[in-house]
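>>> Test case, fold it:
(one chain, ligands or ions: 1)
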Amino acid sequence: MQQHWKILVWLLGGVILGIAFQQLTAAPGYIGSSFSEGEAGTATVVVGNVSRNLKPKGRSDSEALQKGDVISRVILNAGMEDEVRLDKIENLSSLTDFLSEVGAGGVVSIILEDGTVRSSQVILDPQSDRSRWLYPFVFLADIFMRLLKMLIMPLVFTSIVTGVAGLGGGEDFGRLGRRTFGYYVTTSFLAVGLGLVLVNLIRPGEGAQLGLSTQAEFGQASENWLDILRRMVPENVFEAFTGNGNMLQVIFFALLFGFFITRAPEKPRKFLTELLDSAFQVVMLMASWVMKLVPYGVFCLLVKVVGETGFDIFIPLSTYMLTVFLALVIHAGVVLPILLRVVGGVSPLKWFRAMSPVLMTAFSTSSSSLTLPTTLNTLKKRGRVSTKTSSFVAPLGATVNMDGTALYECIGVVFLAQYYASTGDFDLTFGSQVTVVMAAFLASIGAAGIPSAGLIMMLTILSALKLPLEGAALLLAVDRPLDMCRTMVNVWSDTVGSAIVASKEGETGLGEFKDSATGEAA
Ligand code: ASP
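Numbering: from 1, shown residues only. This next block holds a predicted model:
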C-alpha cells in the first residue's frame, strides 16, 4: 500500500478507537490540587497540595494556584452554555462534591479571595479506567513524539548551515532568501487578511453568550513586539540548543554560521562543509527511518487525543470554530493552490497527493517542528525538491511561516473583541483591527512550532489591545482540534513555498507535478 494511504487508514483507525473509548468508559476530570478547610472558625477553603500547575496557559508560575490560596468561587466552563457555578463555598465537602462532577475536557476557573482567576483545562483523571486503557497508546505516542523531537535540533542546524553554505554566500543566497521571505510574508498577510474579512462577515463574537466579565483581569502589555526580534539573537548558542522552543535563535545562528563558512579560507570551509553535510545526510537517514513509524505513531496519537477529549464543549463555540475552519479551508484549498499553479506552475492536486504524509503528520502532532523530519524527507523523496532549496525553505518555514496560525490569531482576537464590543465595554475601532493584523502577522512568526503555541501568542495580542486575558482560557477548551488543522495549513504552506521557490530556481525534478499547459505558461 502506498504510504499516504497507509497513514490515512491508521489515522482513521485511531479516531475510531478513540471514539470507542469515549463511548465505553467514563472520563472523570482531574485538576491536580487538593483542598482543605481554612483556619478554624473561618468557614474558608484553601488550596492544599498542588501537583498540577493550575494557571492560565502561557503565564508564569507566579500566576499559578498556590498552596494556601483562599478560594471564593469556582466556575466550570465559564461563559459557555453549560456553565456551572459554585458561588458560595460553605465547607470543604461542598467544593469537593462540585469538583467530583467535573469531567475531563472542560475549563475550570478558580476565583480567589482577591478576585484573581486561575483557569485551566480539566484533564482526564490519571487514576481512571479510561486512563489505564489509554496508557499503552499514550506511551507509544510519547515515544514517537520523542523520536521526532530528538531529530529537530540536529536537522534544523545541519540543514540550514549546509543549505546556506551550499549557496555560496553570493547572489544565489540573496535570491533564494528574497524569494523565500517574499513568499512567507505574502502568504501570511493573505491569511491574516482572509481571517479578518471572514470574522467581520460572520461576526461570531457578536451577541455570543460568553458571560465573560470585563472586570476580570485586564491585560497588561506583557511583551513588547520588538522583543520577538531581540530574542532572536541568542546570548548563548549552547543554551539555545538545549530547548526546542528556541528555534528562532538556532536558525539565526545557523544562518550566520552557514554564511560565514562561505567567507572562510578554503581549509576550514571545505572541512566544515563536508562535516556538516555528512552530518545532515546521516540525520536525514535517521529521519527516513522514523518516517516508517509515522502510520503507527499517528494511530497512537489519535487514540490519545480523541480518547482524552470531550466533544460537548465544542458546541457553544461552534460558530467561532466554523469561522476558523472556513478560513483555513479557503486559504489552503483556494489561495495557496492558485499561487502554486500560477507562480510555480505546479498542479496543486498532484502536489497535495505527494505531500499528504506531511499533512497527516502535522494533523496528528499539532506541531510544525515535530513534522519537520517528515517534511524534509517527503520534499526530497516524493516532491523531488533539491536539498539546496528544501533544506533552506522548510526548516525556516516550520518556525517562521505559519499561515494557519496567522489567520487563527486574527479570528480569535477579533472574535473576543466583537464579544466585548457587543457587551458595550470595548470599542473595536478600525485602528485596533490594523493592530490585530500586524500583531497576528508577528505572532505567527514568533510562535514556536509546538502545540498550542498560537494560543499562547494570542495572549500577547489581547494584552496589546488591552482586552481581558480571561477570554483566551475559553478558547483553550477548543484549541486542540483547531491546532491540528492550523498546523496542517502551516506545513502545507511550507511545502507549497518549497515547490514555488524550487520551480523559480529552475529545478527540473518537479517536472512530474507540472501539467504541461500551465507549466509552460508559468
Ligand atoms: N501548533 C502550531 C504549529 O506548530 C502553532 C500554533 O499553535 O498555532 O505550527
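
>>> Would you map the strands across the stretch 101-250 of the chain?
All strands of the stretch 101-250 of the chain, identified by DSSP state E, counting those that start in this stretch, fall at 107-112, 117-121, 123-124.

>>> In TSV: those, plus distance to residue 181, mean neighbour count and mean pLDDT.
Any C-beta I mention is one placed from the backbone N, CA and C, and that applies to glycine too. Shown next, in TSV, are the strands of the stretch 101-250 of the chain (distance: least, CB to CB, whole Å; neighbours: other CB atoms under 10 Å; pLDDT from 0 to 100):
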stretch	distance to residue 181	mean neighbour count	mean pLDDT
strand 107-112	38	22	82
strand 117-121	36	22	76
strand 123-124	40	19	82
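
>>> Please name the nearest non-neighbouring residue to residue 257.
residue 161 (5.4 Å; CB to CB, 6 or more residues apart in numbering).

>>> Not counting sequence-adjacent ones, nearest residue to residue 503?
residue 344 (4.1 Å).

>>> List the contacts of that neighbour.
496, 499, 500, 502, 503, 504, 510, 522 (CB atoms under 8 Å, 6 or more residues apart in numbering).

>>> got a winner among these for most neighbours?
Neighbour counts for these, by other CB atoms under 10 Å, peak at residue 499, which reaches 31 neighbours.

>>> What about the contacts of residue 344, which are in strands?
Applying DSSP state E to those, no entry is found in strands.

>>> out of the residues you listed, who's nearest the ligand?
The shortest approach to the ligand among these belongs to residue 496, at 14.9 Å (CB to the nearest ligand atom).

>>> circling back to that earlier point, include distance to residue 365 when you put the strands of the stretch 101-250 of the chain into a markdown table, please.
Converted to a markdown table, the strands of the stretch 101-250 of the chain look like this (distance: least, CB to CB, whole Å):
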| stretch | distance to residue 365 |
| --- | --- |
| strand 107-112 | 23 |
| strand 117-121 | 19 |
| strand 123-124 | 19 |
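
>>> Report the buried residues of stretch 351-365.
351-352, 354-365 (16 or more other CB atoms under 10 Å).

>>> same question, stretch 412-424
So for stretch 412-424, counting by 16+ other CB under 10 Å, buried means 412, 413, 414, 415, 416, 417, 418, 419, 420, 421, 422, 423.

>>> So residue 65 versus the ligand, what's the distance?
Note on residue 65: its distance to the ligand, by CB to the nearest ligand atom, to the nearest Å, is 24 Å.

>>> Residue numbers of this protein in contact with the ligand?
By CB under 6 Å from any ligand atom, the residues of the chain that approach the ligand are 366-368, 402, 405, 447, 449-454, 483, 486-487, 490.

>>> Show me the one in those residues that has more neighbours than the rest.
The most crowded member of these, judged by other CB under 10 Å, is residue 402 (35 neighbours).

>>> any idea how far residue 73 is from residue 355?
The spacing between residue 73 and residue 355, counted by CB to CB, to the nearest Å, is 49 Å.

>>> Could you do residue 361 as well?
Here residue 361 is placed at a distance of 10 Å from residue 355 (CB to CB).

>>> Sort out for me which of the buried residues of stretch 351-365 are in helices.
Counted as lying in helices by DSSP state H, out of the buried residues of stretch 351-365, are 351-352, 354-365.

>>> Of those, just say which sits nearest to residue 429.
Taking CB to CB as the measure, residue 429 sits nearest to residue 362 out of these, at 35.8 Å.

>>> Surely that closest one and residue 490 touch.
Yes - if you go by CB atoms under 8 Å, residue 362 and residue 490 touch, sitting 7.0 Å apart.

>>> quick one: common contacting residues for these two?
Taking CB under 8 Å, 6+ apart as the criterion, residue 362 and residue 490 both touch residue 368.

>>> Could you verify my assumption that residue 15 touches residue 304?
No - look at residue 15 against residue 304 with CB under 8 Å: they stay out of range, at 11.3 Å.

>>> neighbour count winner among the two?
Between residue 15 and residue 304, counting by other CB under 10 Å, residue 304 is the more crowded of the two (23 against 16).

>>> Output the helix or strand hosting that one in PDB with nothing but the alpha carbons.
Using DSSP states H and E, residue 304 falls within helix 294-308. Provided in PDB are the C-alpha atoms of helix 294-308 (Å, rounded to 0.1, in the frame of the first residue of the first chain):
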ATOM      1  CA  VAL A 294       4.600   7.500  11.000                       C
ATOM      2  CA  PRO A 295       1.400   5.400  10.400                       C
ATOM      3  CA  TYR A 296       1.700   3.800  13.800                       C
ATOM      4  CA  GLY A 297       2.700   7.000  15.600                       C
ATOM      5  CA  VAL A 298      -0.200   8.800  14.000                       C
ATOM      6  CA  PHE A 299      -2.600   6.000  15.200                       C
ATOM      7  CA  CYS A 300      -1.400   6.200  18.800                       C
ATOM      8  CA  LEU A 301      -1.600  10.000  18.800                       C
ATOM      9  CA  LEU A 302      -5.100  10.000  17.600                       C
ATOM     10  CA  VAL A 303      -6.300   7.300  20.000                       C
ATOM     11  CA  LYS A 304      -4.800   9.500  22.800                       C
ATOM     12  CA  VAL A 305      -6.200  12.800  21.500                       C
ATOM     13  CA  VAL A 306      -9.700  11.600  20.800                       C
ATOM     14  CA  GLY A 307      -9.800   9.400  23.900                       C
ATOM     15  CA  GLU A 308      -8.800  12.200  26.200                       C
END
